[in-house]
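Peer 1: Here is the input, now give the coordinates:
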Amino acid sequence: MAFTRATHTTRSGAWTEARALLWQNRLTVCGSLLLVALNRMAALGLPIGSKYLVDDVIGHGHVQIVPLIAGVAAIAVTVEVATGFGLSELAGRGAQRAITELRTQIQAHVMHLPIGFFDREPVGAIISRILSDTEHVQQLLGAGVVQLLSGLLTAAIACALMITLNWPLTVLILLILVAMLVVLTTRMGRVYANYRGVGRQTAALTARLAEVLAGIRDVKGNAAELCEARTFERLATDVRTAVVRTIRGISVMTAVSSLASGAIGFLVLVIGGRAVLAHTMTLGELTMYSFLVALLTSPLVQIAAAGNDIGHAAAGLARIHELRLVATEDQEDHARGARAVPRLTGAIRFDDVSYGYGAGPLAIQNVSFSVPAGSMTALVGRTGSGKSTICRLLLAFDRPASGHVLVDERDLVTLRRRDYRGQVGVVLQDTVVFDGTVRENIRYARPEASQDAVEWASRMAHCEEFVLDLPRGYDTPVGERGIRLSGGQRQRIAIARALLADPRILILDEATSHLDSQTEALVQDALRTLAHGRTTLVIAHRLSTVLGAHQIIVLSTGKIVERGTHRELLAGGGLYRQLHDIQHRGPSDLVEVSRRACC
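Peer 2: From the prediction side, this is the model:
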């Protein structure tokens, strides 16, 4: 019962998306319908001409009408070819335009989804929905729908003419067609479910491939090529199995259509032949009737083929509809009445905040601290102590399970997240540099920034030292994920990007982790200049990067265990002193210091 409801929901979602897509492209649809009507009317030229050729020319010797019949047939064929070409062009162009618009809409929707969605969904699966599912949707306005409309219209016209020629035989043929449609409708439900399975398996394959290609250096570094090849083969086999199951369903539908066509042909031969012998039909009428039967039954194959295309499209539309149902951050903010964000001063306060990921233990527990506007606060602690969780909450990526995160005494829950983040600069631990030029990457947060502003941010982040040595300077492409740059260079570009954004709050999560000692000193000097008048939160393992912080908060297992300045914490002899000693002792002392730190 639950499966039935789920299937009904996905089908209704597909229908909702299909209606919206057809309405957005209504001019293309109307033009296609007009061309289909002209094309099918022209297709009647040969069947009608055959009647007069057999009865009047061959039967009664009216040779003088042959040129007329030939001329009408030639015009009909010409119109059929011309409208067929126009239909293909119109439907093809309309389908490509529709798919581009749909991809743009889905990509924009995905970009506004909450971070929690991306934590749950593999990147490859999202890519599959944006690219593969929308690719199938083009069949709704392309060849699939044209075949379906053409077949239905042809069948309707042919059926009307067949009734005037021999209605009892036509009734028998229609009964066969009704039985065939019942079988096809039943099978189509299973085929649709199979297409959904193909989509899921393809998404899993795409997700794995995207993950492996993004981490190809780790794959090669661990000599795991053979392991990944086996994994890919297993997933590809799952896709093949799902596709074969779908093909079997389509083959059954095609076989049913062929069987129905054969039965109809048999009836025409037997009953139509007897009608001619009984003089209730002329030979010309039987010839015309045979042409009309061909026009009626040949669309059955077209409709079966269209069912294949439209089945793909329906499954893709259902998955797209599921994606659209996920509320964006803007929709969530509007639903809870979030307000616009004024110019911030940058005062931060965590008030008894706790947060956990999923059903696991709390990552931070009852955390409370304040960061005055314009000051620098550092968060330190061992891996897993909760530093990055605090960063995520401050960026409004997540909401606290309990407690409040306040900026300028405004709860982040009450603020529009996009407006708020527009006043926050961030350099995360995993630096992302996009495929493009150095200039484009520095301008990422402010595409309209002038070249002077770009060069200023570059100097402040000490990017200029290496940018001027690049072949094309600021116009040098950096490659996918900045592959043509070193780790330190990518980090400095990310810092320059944050500088150019001119934020009120600056979050640096291990922002200098990839810099050598000399470059780190230069960047720290630049960050001190930047921090003047701005609130800066520094998350670092290397304690040398936080010596100038106004306050240092020490975390352990999600709780604040110490706070103070560098000197105060060293004098306190607690966890901060232990971490400091570990980083400043020689290798022979590390084992003993670590043992005491754990005890």
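
Peer 1: Let's verify residue 552: helix, strand, or coil?
Peer 2: Secondary structure state of residue 552, per DSSP: H, G, I helix; E, B strand; the rest coil, is strand.

Peer 1: nearest residue to it other than its sequence neighbours?
Peer 2: Closest residue in space to residue 552, ignoring its immediate chain neighbours: residue 378 at 4.6 Å, by C-beta to C-beta, 6 or more residues apart in numbering. (Each C-beta comes from the backbone N, C-alpha and C, glycine too.)

Peer 1: was I right about that neighbour contacting residue 551?
Peer 2: Yes: at 7.5 Å, residue 378 counts as touching residue 551 under the criterion of C-beta atoms under 8 Å.

Peer 1: Of those two, which one has the most company?
Peer 2: Using other C-beta atoms under 10 Å, the more surrounded residue of residue 378 and residue 551 is residue 378, with 24 against 19.

Peer 1: Can you name the residues that contact the more buried one?
Peer 2: With contacts defined as C-beta atoms under 8 Å, 6 or more residues apart in numbering, the neighbours of residue 378 are 537-540, 545-546, 549, 551-553.

Peer 1: Tabulate those residues (CSV), appending distance to residue 120.
Peer 2: Shown next, in CSV, are these (distance: C-beta to C-beta, whole Å):
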residue, distance to residue 120
537, 27
538, 30
539, 24
540, 29
545, 33
546, 34
549, 35
551, 36
552, 34
553, 30
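
Peer 1: correct me, but residue 576 touches residue 560?
Peer 2: No: with contact defined as C-beta under 8 Å, residue 576 does not count as touching residue 560 (11.7 Å).

Peer 1: Report the separation between residue 202 and residue 234.
Peer 2: Residue 202 sits 14 Å away from residue 234 when distances are taken as C-beta to C-beta, to the nearest Å.

Peer 1: the more surrounded of those two?
Peer 2: Neighbours of residue 202 and residue 234, each counted by other C-beta under 10 Å, are more numerous for residue 202; the result is 21 against 11.

Peer 1: in the chain, which residue is closest to the centre?
Peer 2: The geometric centre of the chain, computed from its C-alpha atoms, lies nearest to residue 130 (C-alpha atoms, centre = their mean), at 2.9 Å.

Peer 1: my guess is that one contacts residue 104, does it?
Peer 2: No: contact status for residue 130 versus residue 104: not in contact, 9.7 Å apart, counting by C-beta under 8 Å.

Peer 1: Tell me where the longest helix sits in this structure.
Peer 2: Of all the segments of type helix in the chain, defined by DSSP state H, the longest one is helix 167-214.

Peer 1: From the contact counts, what lies against that helix?
Peer 2: helix 2-24, helix 123-128, helix 143-165, helix 225-267, helix 283-325 (3 or more C-beta pairs under 8 Å, 6 or more residues apart in numbering; DSSP states H and E).

Peer 1: Tell me what angle the fourth one forms with helix 167-214.
Peer 2: Meaning helix 225-267. Between the direction of helix 225-267 and that of helix 167-214, the angle (axes from the mean of the first three to the mean of the last three C-alpha atoms, to 10 degrees) works out to 170 degrees.

Peer 1: Show the contacting residues for residue 338.
Peer 2: Applying C-beta under 8 Å, 6+ apart to residue 338 gives the contacts 413-417.

Peer 1: Show the buried residues in those residues.
Peer 2: Burial by neighbour count, judged by 16 or more other C-beta atoms under 10 Å, picks out 415-417 from the contacts of residue 338.

Peer 1: Distance of residue 438 relative to residue 518?
Peer 2: Looking at residue 438 against residue 518, where the rule is C-beta to C-beta, the gap reads 21 Å.

Peer 1: With neighbour numbers in mind, choose between these two.
Peer 2: residue 438 (26 against 9).

Peer 1: which residue sits closest to that one in space, ignoring its chain neighbours?
Peer 2: Distances taken as C-beta to C-beta, 6+ apart put residue 474 closest to residue 438, at 4.9 Å, once the chain neighbours are dropped.

Peer 1: show me what contacts that neighbour?
Peer 2: With contact set as C-beta under 8 Å, 6+ apart, residue 474 has these partners: 437-439, 442, 451, 454-455, 458, 467.

Peer 1: one more time with 10 Å
Peer 2: Applying C-beta atoms under 10 Å, 6 or more residues apart in numbering, one finds that residue 474 lies in contact with 437-443, 451, 454-455, 458, 463-464, 467-468.

Peer 1: go on, residue 498?
Peer 2: Neighbour list for residue 498: 424-427, 442, 444-445, 457, 461, 506-508, 511, 527, 530 [criterion: C-beta under 10 Å, 6+ apart].

Peer 1: For it, report the pLDDT, please.
Peer 2: At residue 498 the predicted local confidence, pLDDT, stands at 82.

Peer 1: Only the buried residues of the helix or strand harbouring it, if you could.
Peer 2: The secondary structure element spanning residue 498 is helix 487-500 (assigned by DSSP states H and E). By neighbour count, with 16+ other C-beta under 10 Å as the criterion, the buried positions of helix 487-500 are 488-500.

Peer 1: repeat for stretch 383-391
Peer 2: Going by neighbour count (16+ other C-beta under 10 Å), the buried part of stretch 383-391 is 385-391.

Peer 1: May I see those organised as a markdown table, with secondary structure added?
Peer 2: Putting these into a markdown table (three-state DSSP) gives the following:
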| residue | secondary structure |
| --- | --- |
| 385 | coil |
| 386 | coil |
| 387 | helix |
| 388 | helix |
| 389 | helix |
| 390 | helix |
| 391 | helix |
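
Peer 1: if we can go back for a sec, for the contacts of residue 498, work out which two are farthest apart.
Peer 2: When the contacts of residue 498 are compared pair by pair using C-beta to C-beta, the farthest-apart members prove to be 444 and 527, with a separation of 18.9 Å.

Peer 1: which of these two has more neighbours?
Peer 2: Neighbours of residue 444 and residue 527, each counted by other C-beta under 10 Å, are more numerous for residue 527; the result is 24 against 20.

Peer 1: follow-up on the earlier one: C-terminal to the helix holding residue 498, what's the next element?
Peer 2: Moving toward the C-terminus from helix 487-500, the next helix or strand (DSSP H and E) is strand 505-509.

Peer 1: Return the residues in contact with the closest residue to residue 272 other than its chain neighbours.
Peer 2: Using C-beta to C-beta, 6+ apart and skipping the chain neighbours, the partner closest in space to residue 272 is residue 286 (5.0 Å). For residue 286, the contacting residues are 50-51, 54, 165-166, 268-269, 272-273, 275-276, taking C-beta under 10 Å, 6+ apart as the criterion.

Peer 1: Now a PyMOL select for only the buried ones of these.
Peer 2: Buried residues within the contacts of residue 286, as defined by 16+ other C-beta under 10 Å, are selected in PyMOL through the command that follows:
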select buried, resi 50+51+54+165+166+268+272+275+276
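
Peer 1: where's residue 407 relative to residue 344, distance?
Peer 2: Remark: distance between residue 407 and residue 344 (C-beta to C-beta) = 6 Å.

Peer 1: Oh, that last question was meant for residue 428, not what I typed.
Peer 2: Noted for residue 428: a distance of 20 Å to residue 344, by C-beta to C-beta.

Peer 1: likewise residue 455?
Peer 2: Residue 455 sits at a distance of 27 Å from residue 344 (criterion: C-beta to C-beta).

Peer 1: Which of the two has more residues huddled nearby?
Peer 2: Counting neighbours by other C-beta under 10 Å for residue 455 and for residue 344 shows that residue 344 has the greater number, 21 against 17.

Peer 1: thinking again about what came up before, which neighbours do residue 576 and residue 560 share?
Peer 2: The overlap between the contact sets of residue 576 and residue 560 (C-beta under 10 Å, 6+ apart) consists of 381, 553-554.

Peer 1: Of those, which is the nearest to residue 58?
Peer 2: Distances from residue 58 to the shared contacts of residue 576 and residue 560, taken as C-beta to C-beta, are shortest for residue 381 (98.9 Å).

Peer 1: Hmm, residue 556 and the closest one touching each other?
Peer 2: Yes: between residue 381 and residue 556 a contact is recorded at 5.7 Å, counting by C-beta atoms under 10 Å.

Peer 1: give me the number of residues near residue 127?
Peer 2: Using other C-beta under 10 Å, the number of residues around residue 127 comes to 16.
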